[in-house]
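**Student:** Below is the structure, and that's it, no one-letter string:
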């Protein structure tokens, strides 16, 4: 009994007060999932430290032993930034909806729709780069915003649950778009949609840097701008304040005179717009075509990333960085150690699992704290009582 | 001793800042209907929660059938054949009546001789028989979500009967029922007595006690005042005992100097979610410099009046006129700007955003105006400035000042924060609903003097309270509400608290 108490005290000291817990609990979740991942690798007969290092090497964050001609750490890193970008946008999309008390599970579908519409309108046109790139971004945002608003509209008009709508729309977008691609835009050899023009792509291809050929993901700059813009929007603007208030306590917000329906609509449109940006930076940046009948997992991983980052834009940069290292690095993990690529999804899954335990961890911490306080109080009471008895005795 | 089935000796129960039961001793005889009468917060429910095992008394003993109760838990109480119908029902809404009743003790049978399944068919029959025996008239196959409140209550009663409860506790059973349903319930209670059950009725409605109860214990501020024989005691006498002759303290108050009419409410009708008019044709005026208090037992429509004036609940009929302008259909924000401040009853659900900081909550009414917000951008430095001023002036205590998350603050300080924010708006009309609920004496006194200070500044004040003392202390004009209608509006000095109490019970016409 005594030893367990002491242990929880130590845990409590490390995790800190409620403010510090905002950071320590996600870190604790990460630690747990890395340990679980290590056990997994050990059970497959591989050295987990080597495994984790090869994840870093695969992302251009550490030097590999040897590189193919024209490749280097920089090319790996640029390619890492390229795939990190849509993840940041997607997680921001989840976060902004979450702030308003909504769960946008339809990010993948919104990404696909935005990527497809932008491909059709800009990607297959002859527009020069100066016009095509901004247009891609704008169209991506508008289409995403409309798709996000649609979810809210269905809720508002017909009271259909947002989660159900979002999941159903994922399927609807996926199959309708597959139909159009396979009927009109399919490439005869790759069986994917036709490749979009380089002018419209948000990632510059084959740029010569020194003796290496690398990609330059322009979308990444946009993503970092979006992180700070969103952070400012949520923390410093009136509309952001209202949106947060609605998410934290809808009744309280209504009492304060906030138009809750309007706030929620804004949140969903904004969430959709960010999902749209994720879509164009993926389908017209990292890749240049759409694989029919496939819904990429970015939008779903983004939920884990958002939760891990405490739905805070800056936190999301850190958590998406981590998750992207795991998923992107898994390719090198596979080729260097011969471990299956799926291990990355497993670790990400574990991460989501442990992150989702935050309420439980908080609960345990609170219980440990209450227990401590209770014991202190009891001790106090005992002293008082004992003291009183002594006094009575004296009388 | 053995004539009592339940005996409580010197029971004391304390909660932080309040003694809910103070040395209460009473005995309940087998086969009687025993009523517990008292105002809100008199300690009736706490006392019975102890009997039902939800709380353990700090001091004193409880005996059931002459045996001392050692363990306090609802499960143990059930073993002792004690059942309780709570004010808020505990039912699974998408289960049938039978399923709800057997929940936790499902009768099993073996299908095909080996497959264990819940025996619903026979249980349905059993429950239908039980229901018939006590005149409860329920169809066991119906789902809870499809039946009305009165029927749900009967399901709760059946649940106890099915568990062979001999001692049945009803906590404010009539609060949610219509007059006809009340009649029906009282008949059921009588039927149960005929079947040898012991019934404990917690209520503050004298009428019902007079109708069914044999004996009645009257409680006030945690103390047992008297146990009287209902047949030999007049309702008037009971009301007197319940309100208590001694008034704890009176607020220093100068005479009211009323000015122009600030708020005019005409034939206001407010409907609840079921479309039932909880406020039915209420009219009154409040003048500047006047405290208009609505007295009444909880759930008679007083909160809905306040919500409708503040714009949180739509008015189904009638008019609300503030300073000559019709605001019946104005949005909340417009009403605030025109001059309504509102201290709501439920401070945690409506009045605050618990996960926001104190500073943000203090600015919840003003965050969108200059200097706190210019061109859509918030200026946090002004938030801090203003909130520090309010924290200082209203003595709001918290761990980290303006940056404290409101959830972590005490109820009293949360209420102070709301009052600070609303009073600081300096509107010509302020609504206070239950402003001192759950607060300690010191805080109550402070809030009372703040309310009077606001009146003296020439503001019109609407006070809704369930505490008769509070109303008698503060009001210039009293309106008594009963069943959604104002039975009586009169200057405070022309009414005694007993009279108000009788109007509250609907006794006096």
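**Tutor:** Good, I have the coordinates. Given the structure is predicted, the values throughout are model-derived calculations rather than measurements.
**Student:** Please give the element, helix or strand, for residue A:362.
**Tutor:** Applying DSSP states H and E as the criterion places residue A:362 in helix A:358-394.
**Student:** Can you give me the buried ones in that helix?
**Tutor:** For helix A:358-394, the neighbour count (16 or more other C-beta atoms under 10 Å in any protein chain shown) marks A:358, A:361, A:365, A:368, A:369 as buried. Using the backbone N, CA and C atoms, a C-beta is placed for each residue, glycine as well.
**Student:** so can I have JSON lines of these showing distance to chain B and pLDDT?
**Tutor:** Output for the buried residues of helix A:358-394, formatted as JSON lines (distance: C-beta to the nearest C-beta, whole Å; pLDDT from 0 to 100):
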{"residue": "A:358", "distance to chain B": "15", "pLDDT": "80"}
{"residue": "A:361", "distance to chain B": "18", "pLDDT": "83"}
{"residue": "A:365", "distance to chain B": "14", "pLDDT": "81"}
{"residue": "A:368", "distance to chain B": "17", "pLDDT": "79"}
{"residue": "A:369", "distance to chain B": "12", "pLDDT": "79"}
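**Student:** Nearest to residue A:129, out of these: which one, please.
**Tutor:** Nearest to residue A:129 among the buried residues of helix A:358-394: residue A:358, at 44.6 Å, using C-beta to C-beta.
**Student:** Tell me if I'm right that that closest one and residue A:29 touch.
**Tutor:** Yes - using C-beta atoms under 8 Å, residue A:358 is in contact with residue A:29, at 6.9 Å.
**Student:** what is in contact with these two at once?
**Tutor:** Applying C-beta atoms under 8 Å, 6 or more residues apart in numbering or on different chains, one finds that no residue jointly contacts residue A:358 and residue A:29.
**Student:** what about the residue nearest to residue A:234 when sequence neighbours are not counted, how many residues close to it?
**Tutor:** Counting by C-beta to C-beta, 6 or more residues apart in numbering or on different chains, residue A:234 lies nearest to residue A:240, which is 4.3 Å off, once chain neighbours are set aside. Using other C-beta atoms under 10 Å in any protein chain shown, residue A:240 is surrounded by 25 other residues.
**Student:** gap between residue A:240 and residue A:96?
**Tutor:** Separation of residue A:240 from residue A:96 (C-beta to C-beta, to the nearest Å) stands at 9 Å.
**Student:** what do the two both touch?
**Tutor:** Contact criterion C-beta under 8 Å, 6+ apart; residues shared by residue A:240 and residue A:96: residue A:234.
**Student:** Please identify which helix or strand holds residue A:179.
**Tutor:** Here residue A:179 is assigned to helix A:162-180, by DSSP H and E.
**Student:** Next: residue A:87.
**Tutor:** Using DSSP H and E, residue A:87 falls in helix A:73-99.
**Student:** for chain A, what are the nearby residues on the stretch 401-509 of chain B?
**Tutor:** Proximity of the stretch 401-509 of chain B to chain A is confined to B:405, B:408 under the rule C-beta under 8 Å from any C-beta of the partner chain.
**Student:** actually chain B, not the one I wrote
**Tutor:** B:310, B:312, B:331-333, B:335-336, B:342, B:344, B:349-356, B:360, B:364-365, B:367-368, B:373, B:376-378, B:380, B:405, B:408.
**Student:** Read off the pLDDT value for residue B:211.
**Tutor:** Note for residue B:211: predicted pLDDT of 88.
**Student:** ditto for residue A:5
**Tutor:** Reported pLDDT for residue A:5: 44.
**Student:** One more: residue B:27?
**Tutor:** 92.
**Student:** where's the nearest residue to it once chain neighbours are set aside relative to chain A, distance?
**Tutor:** Spatial nearest neighbour of residue B:27, excluding adjacent residues (C-beta to C-beta, 6+ apart): residue B:4 at 3.6 Å. From residue B:4 over to chain A the distance is 33 Å, taken as C-beta to the nearest C-beta, to the nearest Å.
**Student:** can you count the residues close to the residue of chain B found nearest chain A?
**Tutor:** Nearest residue of chain B to chain A (C-beta to the nearest C-beta) works out as residue B:333 at 3.2 Å. Residue B:333: 15 surrounding residues under other C-beta under 10 Å.
**Student:** now residue A:134
**Tutor:** A total of 11 residues lie near residue A:134 under the criterion other C-beta under 10 Å.
**Student:** Up against chain B, what does chain A have?
**Tutor:** Residues of chain A lying near chain B (C-beta under 8 Å from any C-beta): A:18, A:236-239, A:241, A:244-245, A:248-249, A:251-259.
**Student:** can you do 6 Å?
**Tutor:** Residues of chain A lying near chain B by C-beta under 6 Å from any C-beta of the partner chain: A:236, A:237, A:238, A:241, A:245, A:248, A:249, A:251, A:252, A:255, A:256, A:257.
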